[in-house]
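Q: sequence and predicted structure are below.
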Amino acid sequence: MKPVELNAARRRLSACHDVFELRAAARRRIPRPVFDYVDGAADEEVSMRANLRAFRRHRFQPRAVAEVTAIDTSARVLGRDVPLPLVLAPTGYTRMMHPDGEVGAARAAERHGLPYTLSTMATTSIEQVAATARPDLWFQLYIQKDPGFTKELVTRAATAGYRVLVITIDTLVTGHRTRDERNGLTIPPALTVSTIATIGAKPGYWLRMLTSEAIDFANFTETAEGLTIARTGQMFNPSVGWDDIAALRDQWSGPLILKGPVSPADARRAVSLGVDGFQLSNHGGRQLDRTIAPVDLIAPVREAVGPDVSVLVDSGVRHGADIAVALALGADAAAIGRAYLYGLMVGGEAGADKVIDVLEDQFIRTLNLLGVHSAAELRSLGTSVLADGGS
Ligand SMILES: Cc1cc2nc3c(=O)[nH]c(=O)nc-3n(C[C@H](O)[C@H](O)[C@H](O)COP(=O)(O)O)c2cc1C
């Protein structure tokens with residue numbers, strides 16, 4: 001049975017030519033509440049739409065007659081060389097999208113030599129991901145109310161060989177996800193009348209889910225029984241302070257970055273505490289709606305922290321040209337959330353693979369047409385390749 005399904009998935013994947021086509025394919029195949037959980041954002045979804053627009057607002061100014069032959073897309077991200085300036089961002093509850101889940105995404109990252117970030121809210125544990133996939137592993141931390149549990153999560157990540165600690169600072173409380181509320185989505189999903197109704201409409205999804213391991217919050221081993229996303233959300237510390245960041249800096253010996261819509265002033269303060277960098281992010285518009293588009297924070301944060309601090313950006317990356325814009329504005333790399341989840345929903349691990357291939361291909365073509373030889377050259381040319389000078 002499985003090879004047939006795999007071929008069907010591959011056929012579906014080969015019919016998709018960019019991230020938007022993968023999104024459309026996922027929408028057709030995945031039950032509405034699950035698709036909306038991925039695709040939706042907070043409140044009026046102003047931030048989410050603005051994130052995409054902010055990348056697309058910039059216009060390129062190509063260099064003429066630049067003698068481009070081969071393109072070198074490699075970059076250095078938090079002290080390690082990567083073949084492409086791209087990182088897979090943390091996403092909670094990934095096995096709800098496809099049973100391949102976190103391991104499938106991590107294996108796709110590994111195959112491409114890219115970092116994969118495991119979420120605190122993962123459905124595969126810190127240890128299991130590290131045992132089954134070996135990309136450059138990063139661990140995303142939600143600071144918990146219980147300092148002992150926070151410490152334990154960080155110790156487990158270090159012991160399992162995760163290299164980078166990513167502290168998410170925009171989720172003191174969970175954002176209000178209107179679509180989830182409308183759809184009555186509970187996590188874990190409960191069998192309600194409407195869930196049962198979608199089984200008939202999307203049998204492939206349900207067959208996969210019912211024949212794979214039950215989903216749970218795998219990192220909450222002690223208390224996993226009966227945990228819902230609402231209850232785990234209440235375990236997050238709503239009053240994280242700079243002392244907490246300093247304590248984690250003391251505990252974690254590897255690179256440590258903050259993930260959120262960090263202002264230039266806050267970035268300076270964080271650097272003074274020994275933070276190594278930032279993943280500028282508004283959680284894909286899933287937390288505070290109407291938050292500044294992270295792409296617009298790249299230049300001011302870069303100016304505030306100087307050239308040696310790592311600056312990554314996510315929220316709105318759907319095309320290789322977005323990676324080019326991010327680098328031109330001063331970022332070291334871009335990260336993707338929904339993009340790889342759309343792929344995963346359509347074709348599991350092979351779908352996540354496909355998304356990375358598509359973005360890589362688009363990035364290479366963008367550099368080629370820009371008249372730029374490498375990702376490093378794009379970084380040094382900076383906003384001179386943007387017709388608006390980055391403003
Ligand atoms: C379904 C889903 C789950 C997410 N879960 C987490 C999480 O557990 N921790 C976290 O820091 N960010 C989480 N994020 C945010 C992503 O890490 C990333 O910031 C965001 O997806 C970037 O925007 P994009 O989807 O437009 O690429 C999640 C995003 C999605 C779409």
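A: Structure's in. What do you need?
Q: got the end-to-end distance for stretch 304-315?
A: 21 Å (Cα to Cα, to the nearest Å).
Q: how deep is the residue of the stretch 151-300 of the chain found nearest the ligand tucked in, by neighbour count?
A: Closest residue of the stretch 151-300 of the chain to the ligand, Cβ to the nearest ligand atom: Gly284 (2.7 Å). No exception for glycine: its C-beta is placed from N, CA and C like everyone else's. For Gly284, the count of nearby residues is 25 (other Cβ atoms under 10 Å).
Q: the closest residue to Leu370 other than its chain neighbours in helix, strand or coil?
A: Nearest non-adjacent residue to Leu370, counting by Cβ to Cβ, 6 or more residues apart in numbering: Pro62, 4.9 Å away. When classified by DSSP: H, G, I helix; E, B strand; the rest coil, Pro62 comes out as coil.
Q: quick one on the thing from earlier: would you confirm that the residue of the stretch 151-300 of the chain closest to the ligand contacts Glu45?
A: No: counting by Cβ atoms under 8 Å, Gly284 does not reach Glu45; the two are 10.1 Å apart.
Q: how about the helices in the stretch 251-391 of the chain?
A: Under the criterion DSSP state H, counting those that start in this stretch, the stretch 251-391 of the chain contains helices at 264-272, 298-305, 320-329, 338-370, 375-381.
Q: pLDDT score for the residue nearest the centre of the chain?
A: Centroid-nearest residue in the chain: Ala89, 2.2 Å away (criterion: Cα atoms, centre = their mean). Note for Ala89: predicted pLDDT of 98.
Q: swap in Leu6?
A: pLDDT at Leu6 comes out at 62.
Q: what do you get for Ala326?
A: 98.
Q: contact partners for the one residue in the stretch 251-391 of the chain that gets nearest to the ligand?
A: Nearest to the ligand in the stretch 251-391 of the chain, going by Cβ to the nearest ligand atom, is Gly337, at a distance of 1.9 Å. Listed by Cβ atoms under 8 Å, 6 or more residues apart in numbering, the contact set of Gly337 reads 89-91, 284, 314-315.
Q: run the last query once more with 7 Å
A: 89, 91, 284, 314 (Cβ atoms under 7 Å, 6 or more residues apart in numbering).
Q: what does Gly284 give?
A: Counted by Cβ under 7 Å, 6+ apart, Gly284 has contacts 41, 48, 51, 315, 337-338.
Q: now tabulate those residues in CSV and tack on pLDDT.
A: Shown next, in CSV, are the contacts of Gly284 (pLDDT from 0 to 100):
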residue, pLDDT
Ala41, 97
Met48, 98
Asn51, 98
Ser315, 98
Gly337, 98
Arg338, 98
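Q: between those residues, which is closest to Gln362?
A: Within the contacts of Gly284, the smallest distance to Gln362 is 16.2 Å, found for Arg338 (Cβ to Cβ).
Q: the closest one: neighbouring residues, count only.
A: Neighbours around Arg338, by other Cβ under 10 Å: 27.
Q: same thing with the one 4 residues further on?
A: Neighbour count for Tyr342, taken as other Cβ under 10 Å: 31.
Q: need the pLDDT of it.
A: pLDDT, read off for Tyr342, is 98.
Q: bridged to the closest residue to Lys259 other than its chain neighbours, which residues?
A: Using Cβ to Cβ, 6+ apart and skipping residues adjacent in sequence, the residue nearest Lys259 is Gln279, 4.1 Å away. Note on Gln279: beta-bridge partners Lys259, Leu312, judged by DSSP bridges.
Q: spell out which parts of this protein neighbour the ligand.
A: Within the chain, the positions near the ligand by Cβ under 6 Å from any ligand atom are 37-38, 51, 89-92, 119, 121, 140, 168, 259, 281, 283-284, 286, 314-317, 336-339, 341.
Q: so Leu114 touches Leu84, yeah?
A: Yes: at 6.4 Å, Leu114 counts as touching Leu84 under the criterion of Cβ atoms under 7 Å.
Q: which neighbours do these two have in common?
A: Common neighbours of Leu114 and Leu84 (Cβ under 7 Å, 6+ apart) do not exist.
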